[in-house]
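Trainee: Got a sequence here, can you model it:
(chains A and B)
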Protein chains: 2
Amino acid sequence: MSYAGLIDVTGRVNDFLNAGSVLSWDARTMMPKAGAETRSKQLATLAVAARNLLCSDETKRALDGAEISDKPADSAEARIVAQVREAINYHERIPTELLRRKTELGSAAHEVWAEAREKADFSIFADALTTMVDINREMAQAIGFDDHPYDALMYRFEPGTTKAGLDRLFARLRDGMLPLVRAIAGAEKPRSDFLFREYPVQAQMEFALKMAKRIGYDTDRGRLDTTVHPFEVSFTRNDVRITTRVNRSYMPMSLFGALHEAGHAMYEQGVDPAYTRTPLATDLISLYAVGGVSFGAHESQSRLWENHVGRSRAFWANHMGDIRAAYPGSLDDVTEEEFYRAVNRSEPSFIRVEADELTYDFHIMLRCELEAALIDGSLAVADLPDAWNAGMKSYLGVDVPDDAQGVLQDVHWSSGQIGTFCNYTIGNIMAAQLFETATDENSGIQAALDGADYTPLRAWLTDKVCRHGRRFSRDELLEKATGRTLDPDPYIAHLTRKYSDLYALA
Amino acid sequence: MSYAGLIDVTGRVNDFLNAGSVLSWDARTMMPKAGAETRSKQLATLAVAARNLLCSDETKRALDGAEISDKPADSAEARIVAQVREAINYHERIPTELLRRKTELGSAAHEVWAEAREKADFSIFADALTTMVDINREMAQAIGFDDHPYDALMYRFEPGTTKAGLDRLFARLRDGMLPLVRAIAGAEKPRSDFLFREYPVQAQMEFALKMAKRIGYDTDRGRLDTTVHPFEVSFTRNDVRITTRVNRSYMPMSLFGALHEAGHAMYEQGVDPAYTRTPLATDLISLYAVGGVSFGAHESQSRLWENHVGRSRAFWANHMGDIRAAYPGSLDDVTEEEFYRAVNRSEPSFIRVEADELTYDFHIMLRCELEAALIDGSLAVADLPDAWNAGMKSYLGVDVPDDAQGVLQDVHWSSGQIGTFCNYTIGNIMAAQLFETATDENSGIQAALDGADYTPLRAWLTDKVCRHGRRFSRDELLEKATGRTLDPDPYIAHLTRKYSDLYALA
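Mentor: A predicted model of the protein is given here:
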């Protein structure tokens, strides 16, 4: 068995995971509801097959036989060997019995959570969540950690992230952003009435697709569909699909959903073709067939295109004509500046997925802090709703009306996912850091954006981020691209500049 | 390990095969072209995983441990054990090296065939077909047979079918049907001009879906999409999808395509829910996750609903109003009787997939005879086009204009499929046999059909055929349902009755 043997067997791991992704996409876009029960069994079989093939004697023999001593330590070959070894080690630490309990509870807990949310009654979900927290604590012990058990859980989604590091990051964000949130709370809001007019579904989908293509999403290697929750999923770089959601009487949802998911999609479409089906396009830790190096890195691309491009003044200076043409007669009384201000309106709210660019991270901070406290035992599940409501009041000054609009709003905990929320804020930070460098070091990129030419920015991102797939770690990528690891300053500077201008703050 | 262990492991085989079916459906309906290359690798990995799990030590241990001595020989349990043993034995007879060569050639030969067909030049395809025939001869030797190597190949699709049996069947069909074909060739044709008017795509799809539901296709457990070639595929009985094709200026295509595929779909939707994910809903020989007992039995259901119901006089007596309403103004000058006659127009032609009910089987006979002769060596590949053209002249009296409209028209040989064509004619025969019994023994069924009530017929078919899945063989099913094994007389009687009336023959 040679290095080629390793590529062969990991290629089949990738096939199982990609097959699972196709089945998931289908379940969310096309499948009749009745298909759900056996579909979940099919998905489980594929996930187990991928995990077992990864940890099989065949893979271990291939690893032992992979002759790569002549390759530099950061070569694709050396990184592949290291990542496969690391992934086997990771998965073998988790007892299959524990994994089985987690999977089974995940299915059962989802229904309990749905009922609790419908009745806005946390007590219905409390027992299931308690068990889920216990299982995640067991997982953390099995995986192992240096300082805090939460670190072990975040490793799956954002390797290298620690509770201590997150605390420092969040403190800097709070210092930089809370004054803005407070100032805006008292400021006059821009008009946004025109966003809530009636916009035909078909026209919204057509415009969303048009703009996704306009910024560089390649529909020869993808497609756009409608779902309740927008998402992106790839089945190798040559088939990367996105969805968006459409609200007839709130038009920005479909557009910014599509721009966001197109950002994710361009990451996958930009991965080096040579990495197709290899571990450099397969997350062997989380067992998703993705080329993005971490969930946070992925979010950096979606947020960069959605916010730094799609919600910029230049974008609407260039595309106000396009959107007026898409909805004839509906936006004749709206100036470019009014439109730009409306899609950047900021207001503290209860619901994370509806939060604006400035308040969004406070929703994340709260979740991360509560998750860490649940996992280290300093917060009991029974005390979670009060802690949630207090946190919302403290960060955003809002009074949560009930559990459904509070602690029960997110689906994540119902399926046992703990440790994934940090990705969103890391993505926001990374997006600003990359965008600042891209537009700093090469003034041609900003000038191109001003002229509605998105190619230079996409080329820069492809070169610095996308094409490398999972070859370098997130921080290695950032250092190569921006000269330093994750740094919240560009993000704070961006928000300060943007919102001071929007709300005419001092 | 107990019987439950066998159900567990074969459930996972079913999961792999169903996952493959989802990937195939997606590839034909939704996938961007660029996704094809890696998709074929994903499909190959799933197929190999299913085959290897079926033949694994785990399955063999489960078989050895399955205690079913207290169950009767035709119980579901006993049949499952027998079928798993038989399937392992079948697959282990085929060397993996031979299977690999067949798969690889299948991919390569398809492109060669496509080029040959485009250029209407058989010589381009001759070498690839020669290799494919040789590989299939090797397959036949590996699988084993009593009389003729073609029997071994047909076993995969229609177990129990032999060359000798087919020859007898075909002789009876020719005796019964050729006089009708000859007589009609000289008869006056009914008008059919109105079928070729312009019918909007959307309206065609809506009407096709409406009528598929009308005869009993359950869209809560399925969906209809558009493809170049119509097909049905199931991912367990709770998710059974169909497609049809739409030609703006030839309206019957979309409707009868949908009725045909709905017939297939109702077979799968009618399988006993208790058989879900078991070998009684998994073809472990051909490695498709289907509940139908053979490809021919499946075709019996599609042809029954398409032809015996959809192309009946009663159907158009009942639904002429519906189709007029679907295409306002387009069919006002057409009577029910004219419509019925138009959709039953018979005329010898070159192309199998466009052939009418009466001439279709001659296309099949020719293919089966040529395939058998290629496999036993009595026909050389180089002589195939001449043999094809002579056969078409002899059976249908037509002169084949070129290879593209002759020997190169079907995709089957390009992918190495030899031995599957007989299913179509077996399906036709079985459809007539079942329909005759259903309407004979229970006059309520014909009366219901006359009143546009399709429920009694569907209930009868579900009870006699569909619900049993793969528990009984095709001939066991036929004997239980009709008192005898496959019998062409009802089919010949049906065609004689129908076409004598349509063309006012003696």
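
Trainee: Can you confirm whether the helix or strand of chain A with the lowest mean pLDDT lies near chain B?
Mentor: The weakest-scoring helix or strand in chain A, judged by mean pLDDT, DSSP states H and E, is helix A:96-118 (a mean of 88). No. For helix A:96-118, no contact with chain B is found by CB under 8 Å from any CB of the partner chain; the gap never falls below 13.1 Å. Placement of C-beta: from N, CA and C, glycine included.

Trainee: burial count for residue A:220?
Mentor: Residues lying near residue A:220 (other CB atoms under 10 Å in any protein chain shown) number 10.

Trainee: List the residues that contact it.
Mentor: Contact partners of residue A:220, counting by CB atoms under 8 Å, 6 or more residues apart in numbering or on different chains, are B:32, B:33, B:34.

Trainee: and it, that's in a helix?
Mentor: Yes. Applying DSSP: H, G, I helix; E, B strand; the rest coil, one finds residue A:220 inside a helix.

Trainee: For the least confident helix or strand of chain A, name the packing helices and strands.
Mentor: If you count contacts as 3 or more CB pairs under 8 Å, 6 or more residues apart in numbering or on different chains; DSSP states H and E, helix A:96-118 packs onto helix A:122-143.

Trainee: and the angle for the helix it packs on with helix A:96-118?
Mentor: On the basis of axes from the mean of the first three to the mean of the last three CA atoms, to 10 degrees, helix A:122-143 is oriented at 160 degrees to helix A:96-118.

Trainee: Just the mean pLDDT for helix A:122-143, thanks.
Mentor: When pLDDT is averaged over helix A:122-143, the result is 96.

Trainee: pLDDT wise, what is the closest residue to chain B within the stretch 201-350 of chain A at?
Mentor: Of all residues in the stretch 201-350 of chain A, the one sitting closest to chain B is residue A:239 (3.2 Å; CB to the nearest CB). Here the pLDDT value assigned to residue A:239 is 97.

Trainee: need the contact list for the closest residue to it other than its chain neighbours.
Mentor: Once flanking residues are discounted, residue A:239 sits nearest to residue B:35: 3.2 Å by CB to CB, 6 or more residues apart in numbering or on different chains. Residues near residue B:35 by CB under 8 Å, 6+ apart: A:221, A:235, A:236, A:238, A:239, B:27.

Trainee: Which of these sits closest to residue B:202?
Mentor: Nearest to residue B:202 among these, counting by CB to CB, is residue B:27 at 24.5 Å.

Trainee: Now name the helix or strand holding the closest one.
Mentor: According to DSSP states H and E, residue B:27 maps onto helix B:3-29.

Trainee: Going by contacts, tell me the helices and strands next to that helix.
Mentor: Contacts defined by 3+ CB pairs under 8 Å, 6+ apart place helix B:3-29 against helix A:3-29, helix A:36-54, helix B:36-54, helix B:57-65, helix B:76-93, strand B:232-234, strand B:240-244.

Trainee: For stretch A:102-110, give me every contacting residue.
Mentor: Residues from elsewhere that reach stretch A:102-110, judged by CB under 8 Å, 6+ apart: A:40, A:44, A:125, A:128-129, A:131-132, A:135-136, A:139, A:411, A:414-416.

Trainee: Closest to chain B out of these?
Mentor: Looking across the contacts of stretch A:102-110 and measuring by CB to the nearest CB, the closest to chain B is residue A:44, at 7.9 Å.

Trainee: Low-confidence stretches in chain A?
Mentor: Scanning chain A with the threshold set as pLDDT under 70 gives A:1, A:441, A:506.

Trainee: What parts of it come near chain B?
Mentor: A:11-12, A:15-16, A:18-20, A:22-23, A:26, A:30-35, A:37-39, A:41-42, A:44-46, A:49, A:219-223, A:235-236, A:238-239, A:276-277.

Trainee: Can you say which of these are buried?
Mentor: For those, a burial check counting by 16 or more other CB atoms under 10 Å in any protein chain shown picks out A:11-12, A:15-16, A:18-20, A:22-23, A:26, A:30-32, A:34-35, A:38-39, A:41-42, A:44-46, A:49, A:219, A:221-223, A:235-236, A:238-239, A:276-277.
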